[in-house]
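> After the sequence you'll find the predicted model.
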Amino acid sequence: MHCSGAYSRQRADPYIGLSCGSRAAARVKHVLPSKREQSKQHTNPIQISINPTIATPTTREKATMCHGSGAHDVSPRSTTMNIEQRYFCLSTYFHQRFGQRVQKIPLHAGFSCPNRDGSLSTSGCVFCNPMGSGSGEKMQHMSLRDQYMWWRDTFYKKYKVQRFLAYLQSFTNTYGPLSKLTAVLDQLRDLPEIQGLCIGTRPDCVDREKISALAAFPGSECWLELGLQSSNDSTLKKINRGHDAASFARAATMASEEGLAVCAHIIAGLPGESRENFLQTIAFVNDLPVQGIKIHNLYVCRGTTLGTWWEHDNYVPLQRAEYIDWVIHGLAILRPDIVIHRINGDPQPGELLAPAWAGNKSQILQAIHNELCSQDIWQGQLSGYAATQPPWFSRSYQGDIPPCR
């Protein structure tokens, strides 16, 4: 059975060993927003009433000159809430479902990308590291089983964790023929302590057959991580994504119908985008059958088109204060039932050019927490579904989550 889309919180998961998608028939089918809803969503400005204690700078210095600049240093005020209770984070979700930590294991399965092999482009997205994302790339010459076992043993020694998800992260992990995908899935089926999958891919590289193959994978978690980045088609063209926002909507709906949980990837600070554009992307995600989200700050990697733009003063990254401001406004309107998988980017060693503040993940997370507490903001506060603090933001919550769309 698919367990990610049905928000039942049980300390011991009764569905382990069943396919990720066998609950699909019992799920309420989601449909794309109507043309009228889409038009309303993209033309009406997002109205938010939040105390603007973070000032958005009118000018931005070159990132190499502003390590820590724009930082909004706030001492945490007295609060009964912890960082996990301000939004519905992934660790809370796993603890509610399994009663313990669940660790993602990054795996490199040897997939390519149509935006790099010449099918769409050879240059990739402007921000994309040519080596791919995630540390799984370092082990690409090892078998999937050997990669998994190495990380499994490492995480067990470090965290005593005993439940894992296979995370196919680098490049586009559904690109190519169906037989390639099924061959990879066959290698993962019988790995010890595996609870399911996370599959990173592009929305234009999935079809009904591939989604069905993923839904049939044995396990209790199956997340399809789809790169949206922005709901603005002009932005998608500028960053050389090679697909439009409608492609994401179709893929997300198709995956949900088959019982997969969808995690949307979006980016704050894309070239030419304002905070309002970013909030429109959040609103776009809200209207789709999406169960999770990763919010990334756009940082500049070595060897990328964006790096060239930055070196020639054609792109300036957000300052840290700006990013925090965007994130807390985004969280306020985000549906409260959406699981936060990530709330900032995490550059690999040696790849970061700018901004310098992007290299300190823990400080960014703490600064976001400080500002949420300072302004008394929580996820979904202005979504129409969470006028008060949702109880499921706590690890101890064991009930169901009401539908929020």
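Yep, that arrived. Numbering: from 1, shown residues only.

> This protein: strands as residue ranges?
Counting by DSSP state E, the chain has these strands, from start to end: 103-107, 164-168, 194-201, 221-229, 261-268, 292-297, 300-301, 339-342, 352-354.

> elements contacting the second one?
Packing partners of strand 164-168 (3 or more CB pairs under 8 Å, 6 or more residues apart in numbering; DSSP states H and E): strand 103-107, helix 144-159, strand 194-201. Any C-beta I mention is one placed from the backbone N, CA and C, and that applies to glycine too.

> If we use 7 Å, what do you get?
strand 103-107, strand 194-201 (3 or more CB pairs under 7 Å, 6 or more residues apart in numbering; DSSP states H and E).

> Describe which strands it pairs with in its sheet and in which direction.
strand 103-107 (parallel), strand 194-201 (parallel) (DSSP bridges).

> circling back to that earlier point, for Gly118, find the nearest of the strands of the chain.
Closest to Gly118 of the strands of the chain is strand 194-201 (CB to CB; 18.5 Å).

> what is the orientation angle of that closest one with strand 221-229?
Strand 194-201 and strand 221-229 are oriented at 20 degrees to each other (axes from the mean of the first three to the mean of the last three CA atoms, to 10 degrees).

> Give me the distance from strand 194-201 to the chain's centre.
Strand 194-201 has its C-alpha centroid displaced from the chain centroid by 13 Å (CA atoms, centre = their mean, to the nearest Å).

> same thing with stretch 312-322?
Centroid separation for stretch 312-322 versus its chain: 22 Å, with CA atoms, centre = their mean.

> Show me what counts as buried in it.
Tyr315, Val316, Pro317, Leu318, Gln319, Arg320, Ala321, Glu322 (16 or more other CB atoms under 10 Å).

> I figured the first one hits Gly307, correct?
No. With contact taken as CB atoms under 7 Å, Tyr315 and Gly307 are classed as non-touching, separated by 8.9 Å.

> could the strands of the chain be laid out in CSV, adding mean neighbour count and distance to Leu90?
Compiled in CSV, the strands of the chain are given as follows (neighbours: other CB atoms under 10 Å; distance: least, CB to CB, whole Å):
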stretch, mean neighbour count, distance to Leu90
strand 103-107, 23, 9
strand 164-168, 24, 10
strand 194-201, 25, 10
strand 221-229, 26, 10
strand 261-268, 24, 9
strand 292-297, 23, 7
strand 300-301, 24, 24
strand 339-342, 21, 5
strand 352-354, 20, 24
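
> want to throw the helices and strands packed on strand 164-168 into JSON lines with mean pLDDT?
Formatted as JSON lines, the helices and strands packed on strand 164-168 follow (pLDDT from 0 to 100):
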{"stretch": "strand 103-107", "mean pLDDT": "95"}
{"stretch": "strand 194-201", "mean pLDDT": "97"}
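
> which stretches of the stretch 1-150 of the chain have low pLDDT?
Scanning the stretch 1-150 of the chain with the threshold set as pLDDT under 70 gives 1-19, 21-84, 132-138, 140.

> Could you tell me the end-to-end distance of stretch 255-266?
Chord length of stretch 255-266, first to last residue, is 18 Å (CA to CA, to the nearest Å).

> Now for the residue nearest to the spatial centre of the chain: which residues touch it?
Nearest to the mean C-alpha position of the chain, by CA atoms, centre = their mean, lies Lys294 at 2.0 Å. By CB atoms under 7 Å, 6 or more residues apart in numbering, the contact set of Lys294 is Cys263, His265, His341, Arg342.

> Could you export these as TSV, including pLDDT and distance to Tyr385?
Converted to TSV, the contacts of Lys294 look like this (pLDDT from 0 to 100; distance: CB to CB, whole Å):
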residue	pLDDT	distance to Tyr385
Cys263	98	19
His265	98	23
His341	97	20
Arg342	96	22
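
> now, among those, which is nearest to Tyr299?
Using CB to CB, Arg342 is the member of these that lies nearest Tyr299, at 13.3 Å.

> show me the residues around that closest one that make contact.
Lys294, Ile295, His296.

> go again using 8 Å as the cut-off
Contacts for Arg342 (CB atoms under 8 Å, 6 or more residues apart in numbering) come out as Leu90, Lys294, Ile295, His296.

> out of those residues, what pair is the most spread apart?
Between all members of the contacts of Arg342, the farthest pair (by CB to CB) comes out as Leu90 and His296, at 14.7 Å.

> which residues of the stretch 301-405 of the chain score low on pLDDT?
Applying pLDDT under 70 to the stretch 301-405 of the chain flags no residue at all.

> Dump the contacts of Arg342 into a markdown table; add distance to Asp153 as well.
Converted to a markdown table, the contacts of Arg342 look like this (distance: CB to CB, whole Å):
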| residue | distance to Asp153 |
| --- | --- |
| Leu90 | 23 |
| Lys294 | 27 |
| Ile295 | 31 |
| His296 | 29 |
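
> nearest to Arg302, of those residues?
His296 (17.2 Å).
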